[in-house]
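[1] model this:
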Amino acid sequence: MTSRSVLPYVREHFQLGETAVTVLAEERFLQAAKDSIFSSREALQRHISKDPFFRDILEPYDAPRGSPEIVRRMCAASAKAGVGPMAAVAGAIAQAAVRAMVKEGAGHAVVDNGGDIAMHLAEEVDVGIYAGESGLKGLGLRFPGNGRHVSVCTSSGTVGPSISFGIADAAIVIAEDAALADACATRLGNEAQSPEEEAMASALEEVMGIDGVDGALLVIGDRLAMRGHVPQLVKVRLEPGAISRLRF
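    Prediction:
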């Protein structure tokens, strides 16, 4: 994720367990994001300790009565996407953190949780597309600063720890709801079984039929296909250090 900002925003990377996050906002709002992420993780860990099936199932799962809000959001998103609730975890955590900053008065807030990004933008932000060994390098999406929530989430069958049953180098979904974008990126990655044009188109159409999805983009090898409302494609310089991932 890269920002073209000239305003006094700061970028901070931090890790909490297996969560690796980069936050971009005014410095005074960073603590609200951290507190939200800590709270979300605690709520999830408590829920999983009582209901480990929630963590392991790869199909939609009804949230038990009295579940924490983040669990309910994950279950709702996964039901729409037809995947397990943990497919929405990174997006749900990122979205909650952005909302926490906006509640405190932030007009510009970005949370990148391992490639699953929730944003509330006061100005343009460029998000680089990282597709591993794909020949498509240096591409990004330019999101306008329109004062609205927007999310862009990525799954991959070749990069990172995501569970994917497809061969996508990058399966990207854009939606207002980050939990939904995250779950649908997993669905798109699962549907990506061939680099052939018709197969890629079919995978994209499947995901675009899910209510709440605004746009989708699929990279397999040196092929790129997209559907729906996808932001402007731009050239970006993607530094390795800008990729939110666990660092040792």
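[2] could you point out where this structure is predicted with low confidence?
    1-7, 135, 160-163, 238-248 (pLDDT under 70).
[3] try 90 this time
    The chain contains residues with pLDDT under 90 at 1-8, 14-20, 64-65, 130-138, 156-166, 235-248.
[4] which residues does the residue positioned nearest the centre of it contact?
    With distances taken as C-alpha atoms, centre = their mean, the residue of the chain nearest its centroid is Asp116 (2.1 Å). Contacts for Asp116 (C-beta atoms under 8 Å, 6 or more residues apart in numbering) come out as Ala90, Gly91, Ala94, Ser151, Cys153, Thr154, Ala178, Ala181, Asp182, Ala185. Every C-beta, even on glycine, is put in place using the N, C-alpha and C of the backbone.
[5] Show me these that map onto strands.
    Judged by DSSP state E, strands contain the following of the contacts of Asp116: Ser151, Cys153, Thr154.
[6] which one of those sits closest to Gly82?
    Cys153 (15.7 Å; C-beta to C-beta).
[7] Report the beta-bridge partner residues of that closest one.
    Cys153 has the following beta-bridge partners by DSSP bridges: Val173.
[8] Kindly provide the distance from it to Leu58.
    To Leu58, Cys153 is 17 Å away according to C-beta to C-beta, to the nearest Å.
[9] Pretty sure Asp126 sits in a strand.
    Yes - under DSSP: H, G, I helix; E, B strand; the rest coil, Asp126 sits within a strand.
[10] Residues in a beta bridge with it, which ones?
    Thr2, Arg142.
[11] Around it, how many other residues sit close by?
    As a burial measure, Asp126 scores 19 neighbours (other C-beta atoms under 10 Å).
[12] Next: Val207.
    Look at Val207: counted by other C-beta under 10 Å, it has 26 neighbours.
[13] next one: Gly82
    Applying other C-beta under 10 Å, we find 18 residues neighbouring Gly82.
[14] How is the residue nearest to it when sequence neighbours are not counted assigned, secondary-structure-wise?
    Excluding the flanking residues, the one nearest Gly82 by C-beta to C-beta, 6 or more residues apart in numbering is Arg187, at 6.0 Å. Secondary structure, three-state DSSP: Arg187 is helix.
[15] Contact partners for Ser202?
    Contacts of Ser202 by C-beta under 8 Å, 6+ apart are Glu191.
[16] What of Gln193?
    Residues near Gln193 by C-beta under 8 Å, 6+ apart: Gly166, Ile167, Ala199, Ala203.
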